[in-house]
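Peer 1: A predicted structure for the sequence below; I have some questions about it.
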Amino acid sequence: MPSIVAWVQEDFGIELEKLERIEHGADVAAAVWRGTAADGRAYAVKWSGGGSAAGLLVPALLASAGVRGITAPVRAGSGELSTERDGRRLSVVPWISDEHSFGAEMTEARWHSYGAVLAAVHAASVEVDLPRETYDHGRWTRAALELPEQFVGDHLVQRLADVWRTEAERIRVIVDQTNALGRELAAETVPFVLCHADPHRGNVLLTGDQAWLIDWDDAMFSPRERDLMFALSGVSFFGPSTEEERAWFFAGYGPVDVDERRVAYHHGVRALDDLVSWSEQALDPNDADREFALEIVQGLFTAGGLARRTPIRS
């Protein structure tokens, strides 16, 4: 166990009296704790071997620009947003809230705030070196075609294979459509905006009616549909799932012309990403969360699942 408490005090000047490991989250390359300081303030302490420093720089820039719903990381004594410890990046961010949008009642005011935060992000002008949309999704489409060759193993693997076998035609259609739309969209020139790239409800915290957007590791420049896909997917744990909720979200976001092709493209990419990533985890005999990963894969094809709701264009 690394001496996180000592590191935080040495690097950030914060004396932690309590440190609690946060077990939830899909980032297997990171360890996260809730730290409580001697003065009672709470912090999210992250020790990460993945992502990039942009995940700290972007919210720092947005917060300094006055964007509501974004919190800036604590700077180290060196002035940097993170320090290096045992080859990993250590960062500290004020603990925003214990109220997660997953388990909370999303009222009209909260949906409005969620939309307003995302609109402010898309309108922000920040000078930062970030990836730009390239429509390079080949990792997921290739894996979706090749992964079934690895379905040899125990009973859990056979259950996984049953899902892929049952949904083979839908997977093929999503792969073909995603490839075709990617080629079409890559040939066009449209404005790019700053995108969170993963702004689903799992990355939204709440304080009263205010929504807070967290976890900026995937931030990039892309057409706004990359983010708005989450508001239009109809998947309840991603974003609004009813017409009323969507109306509340876009009342906060503001009027926008959405290119449905781009929505379908990003929806398809995310569906394949989730399908492949969680399936790979379920295949790993050494992964303690294999059963959970299989449940996620099964859920992708339920009535409200991401793969089931991928828009299929005629």
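Peer 2: In hand now; what should we look at? Numbering: from 1, shown residues only.

Peer 1: please make it C-alpha for all contacts and neighbour counts, starting now.
Peer 2: Will do.

Peer 1: what about residue 19? Give its phi and psi, please.
Peer 2: phi -140, psi 120 (degrees, to the nearest 10).

Peer 1: swap in residue 78?
Peer 2: phi -80, psi -10.

Peer 1: which residues touch it?
Peer 2: Listed by CA atoms under 8 Å, 6 or more residues apart in numbering, the contact set of residue 78 reads residue 11.

Peer 1: quick check: pLDDT value at it.
Peer 2: Residue 78 is assigned 95 on the pLDDT scale.

Peer 1: pLDDT below threshold where in the stretch 51-200 of the chain?
Peer 2: For the stretch 51-200 of the chain, applying pLDDT under 70 flags the ranges 51.

Peer 1: tell me where it has helices.
Peer 2: All helices of the stretch 51-200 of the chain, identified by DSSP state H, counting those that start in this stretch, fall at 54-64, 108-123, 138-146, 155-166, 168-186.

Peer 1: turn the ones you listed into a markdown table, columns for distance to residue 99.
Peer 2: What follows is these, written out as a markdown table (distance: least, CA to CA, whole Å):
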| stretch | distance to residue 99 |
| --- | --- |
| helix 54-64 | 20 |
| helix 108-123 | 12 |
| helix 138-146 | 33 |
| helix 155-166 | 33 |
| helix 168-186 | 35 |
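
Peer 1: and of the ones you listed, who's closest to residue 93?
Peer 2: helix 54-64 (9.1 Å; CA to CA).

Peer 1: what lies in contact with the closest one?
Peer 2: Counting by CA under 8 Å, 6+ apart, 70-73, 81-82, 121, 124, 126, 128-130, 215-219 sit against helix 54-64.

Peer 1: then stretch 220-228?
Peer 2: 122, 130-133, 190-199, 258-259, 262-263, 266.

Peer 1: can we see that at 7 Å?
Peer 2: 122, 130-133, 191-199, 258, 262-263, 266 (CA atoms under 7 Å, 6 or more residues apart in numbering).

Peer 1: filter those residues to the buried ones?
Peer 2: Among the contacts of stretch 220-228, those scoring as buried are 122, 193-199, 262-263, 266 (criterion: 16 or more other CA atoms under 10 Å).

Peer 1: just the closest of those to residue 30, please.
Peer 2: residue 198 (16.7 Å).

Peer 1: give me phi/psi at the closest one?
Peer 2: phi -150, psi 50.

Peer 1: care to break this protein down by domain?
Peer 2: Taking automatic domain parsing as the reference, the chain has its domains at 1-95, 138-189+260-299.

Peer 1: about what we covered before: buried deepest among the helices of the stretch 51-200 of the chain, which one?
Peer 2: helix 108-123 (a mean of 22; mean count of other CA atoms under 10 Å).

Peer 1: quick one: the strands in the protein?
Peer 2: 16-22, 30-37, 42-48, 83-85, 88-94, 99-100, 193-195, 204-207, 210-213, 220-222 (DSSP state E).

Peer 1: can I get the ones you listed in a markdown table with distance to residue 137?
Peer 2: Listed next are the strands of the chain as a markdown table, based on distance: least, CA to CA, whole Å:
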| stretch | distance to residue 137 |
| --- | --- |
| strand 16-22 | 31 |
| strand 30-37 | 24 |
| strand 42-48 | 25 |
| strand 83-85 | 31 |
| strand 88-94 | 27 |
| strand 99-100 | 30 |
| strand 193-195 | 17 |
| strand 204-207 | 26 |
| strand 210-213 | 25 |
| strand 220-222 | 14 |
